[in-house]
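A.B. asks: after the sequence you'll find the predicted model.
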Amino acid sequence: MHFCFFKLLLGLCFLLSCTPNTKEEVGSSKVWYKGNLHTHSYWSDGDDYPEMIMDWYKSHGYDFAVLSDHNTLAEGEKWKLIPKSPTHEMAFEKYFKKYGDSWVEYREDSAGRIEVKLKTLEEYRQLFEEEGEFLIVQSEEISDSFDKKPLHMNVTNIQHVLEPQGGNSVSEVLQRNLDKVKAQRDSTGQPMFMHINHPNFIWAITPEDIMDLDGERFFEVYNGHPLVNNYGDSLRPSMEVLWDKVQVAYLKGEKPLIYGLAVDDAHNYHVFNGSNSNPGRGWVMVRADELNPEALVEAMERGDFYASTGVVLEDIVFKNGKLEVFIQREEGVSYTIQFFGTKKSAPEMSGILLKEENGLQASYTLQVDDMYVRAKIVSSKPKENPYQVGDVETAWTQPVME
């Protein structure tokens, strides 16, 4: 009897030791938090109210979100003239019905057009934030340009608005803005980072432009906006090809690894289809000690996160040169795990497929000739409301090296 009980206890301990950290586990030092780091509201060129957008993210299982409007923060007084269209008028009715006249401030002009006073971040965050459950991180999309090329950069956990810095080349514009972010971080003592948005949007940013930078650690390997050319074309690289090209250049130049994000870049919240930039297309899963800006930024800067369009990972382990990936099973879905990297002996052949396995887990051990390795997990499940017809749910881990 005692022996049977001992075996049962031993088996229970084994099961608990194999269970990945979740928010429900009491005492876990680190848990996975789901978040979106790029989206827009009526504060710039989005088509909905901040409260409605935050309600969408919170109600769809996100743990944190940002509003990264162009060259502005949600502060001060701003009135939005609502376009005379059935979609926008119905959106106002929905907004008013949800929050009521004690919250919604609006006025009508002589032509009967409605203007709404937008709520600031400090006003609306109280409706949504819950400690350990949901967090809003302040962000700005610095929107600059050079030679008519749109050069956009998001700053996560920005403390006060930064004006576009300009410059005499694409790289100089990016670097000048990056330097301003670093200066704000140093002066405020608040952790924050800048990431490069959608490099292939109007083919604005090349791998070489990013290679020249000093201090950039993040870029969007996947962006859900239909016009960003994630997959490149016959003449220009996809975001993954760009990632590996830049990675090689960074490591040869003794720079840190560069990490890839998946984001929505949502602008449209009323009509969901392939022509609109909708929420729910891409996100990051961050393994952090706590749900606060400091812990999230710290975790991302050490590469403790993955990007996803739907695939959920139970764990990512890198130890003694071995990268292991464990996938959370979804019934009826199959998975292919691919490991990509570059050989030191052939750096010009960046981003080659090193290994491929089918199943719920796989591993790759770095070889002497490997510069780094990263994993891509491709599922058989079609992506709901995809960026491009035919897309399946996918995830990308961050590169690791010895």
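C.D. replies: Sure thing, it's come through.

A.B. asks: and the residue nearest to residue 125 when sequence neighbours are not counted, how far from residue 190?
C.D. replies: Once flanking residues are discounted, residue 125 sits nearest to residue 136: 4.9 Å by C-beta to C-beta, 6 or more residues apart in numbering. The way it works is simple: take the backbone N, C-alpha and C, and place the C-beta from them, glycine included. As judged by C-beta to C-beta, to the nearest Å, residue 136 and residue 190 stand 15 Å apart.

A.B. asks: quick one: the helices in the stretch 151-300 of the chain?
C.D. replies: Remark: helices assigned in the stretch 151-300 of the chain by DSSP state H, counting those that start in this stretch are 170-188, 207-211, 239-252, 293-301.

A.B. asks: wait, residue 149 sits on residue 206?
C.D. replies: No - Residue 149 is beyond contact range of residue 206, at 10.1 Å (criterion: C-beta atoms under 8 Å).

A.B. asks: looking at the two, which has the bigger crowd around it?
C.D. replies: Between residue 149 and residue 206, counted using other C-beta atoms under 10 Å, residue 206 has the larger neighbour count: 18 against 15.

A.B. asks: find the nearest non-adjacent residue to residue 250, please.
C.D. replies: Excluding the flanking residues, the one nearest residue 250 by C-beta to C-beta, 6+ apart is residue 258, at 5.7 Å.

A.B. asks: residue contacts, the one you found?
C.D. replies: Contact analysis of residue 258 by C-beta atoms under 8 Å, 6 or more residues apart in numbering lists 210, 216, 217, 218, 219, 243, 246, 247, 250, 399.

A.B. asks: tell me who's in contact with the third one.
C.D. replies: Under the criterion of C-beta under 8 Å, 6+ apart, the contact partners of residue 217 comprise 193, 195, 256, 257, 258, 259, 301.

A.B. asks: the fifth one now?
C.D. replies: Applying C-beta under 8 Å, 6+ apart to residue 219 gives the contacts 195-197, 199, 210, 239, 242-243, 246, 258-261.

A.B. asks: and it, what are its bridge partners?
C.D. replies: Listed by DSSP bridges, the beta-bridge partners for residue 219 are residue 196, residue 260.

A.B. asks: any weak-confidence spans in this structure?
C.D. replies: Within the chain, the set of residues satisfying pLDDT under 70 comprises 1-28.

A.B. asks: one more time with 90, if that's ok
C.D. replies: 1-30, 109-112 (pLDDT under 90).

A.B. asks: closest one of the contacts of residue 258 to residue 163?
C.D. replies: Comparing the contacts of residue 258 against residue 163 with C-beta to C-beta places residue 216 closest, at 19.2 Å.

A.B. asks: returning to what we had before: what's the closest of the contacts of residue 219 to residue 165?
C.D. replies: So of these, ranked by how close each gets to residue 165 (C-beta to C-beta), first place is residue 196, at 14.5 Å.

A.B. asks: re the thing from before, shared neighbours of residue 149 and residue 206, anything?
C.D. replies: What both residue 149 and residue 206 touch, as defined by C-beta under 8 Å, 6+ apart, is the set residue 170.

A.B. asks: sorry, back to before: list just the nearest of the contacts of residue 258 to residue 106.
C.D. replies: residue 218 (38.3 Å).

A.B. asks: what about that closest one, how many residues nearby?
C.D. replies: So residue 218, with other C-beta under 10 Å, has 21 neighbours.

A.B. asks: and residue 392, by the same measure?
C.D. replies: Residue 392: 16 neighbours (other C-beta under 10 Å).

A.B. asks: try the one 5 residues further on
C.D. replies: Here the neighbour count serves as a burial measure; for residue 397 (other C-beta under 10 Å) it reads 24.

A.B. asks: try residue 90
C.D. replies: Number of residues near residue 90 (other C-beta under 10 Å) recorded here: 11.

A.B. asks: any idea how far residue 277 is from it?
C.D. replies: 19 Å.

A.B. asks: skipping adjacent residues, who's closest to residue 334 in space?
C.D. replies: Residue 334 sits nearest to residue 380 (C-beta to C-beta, 6+ apart), 4.5 Å away.

A.B. asks: the one you found against residue 331, yeah?
C.D. replies: No - using C-beta under 8 Å, residue 380 is not in contact with residue 331, being 11.9 Å away.

A.B. asks: which of those two has more neighbours?
C.D. replies: Taking other C-beta under 10 Å, residue 380 and residue 331 do not tie; residue 380 has more neighbours (12 against 4).

A.B. asks: tell me the SS of the more buried one?
C.D. replies: strand (DSSP: H, G, I helix; E, B strand; the rest coil).

A.B. asks: show me what contacts it?
C.D. replies: Neighbour list for residue 380: 333, 334, 335, 392 [criterion: C-beta under 8 Å, 6+ apart].

A.B. asks: got JSON lines for those, with distance to residue 322 and secondary structure too?
C.D. replies: JSON lines is the format used below for these (distance: C-beta to C-beta, whole Å; DSSP: H, G, I helix; E, B strand; the rest coil):
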{"residue": "333", "distance to residue 322": "26", "secondary structure": "coil"}
{"residue": "334", "distance to residue 322": "24", "secondary structure": "coil"}
{"residue": "335", "distance to residue 322": "19", "secondary structure": "strand"}
{"residue": "392", "distance to residue 322": "27", "secondary structure": "strand"}
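
A.B. asks: which of those count as buried?
C.D. replies: Among those, those buried by neighbour count (16 or more other C-beta atoms under 10 Å) are 335, 392.
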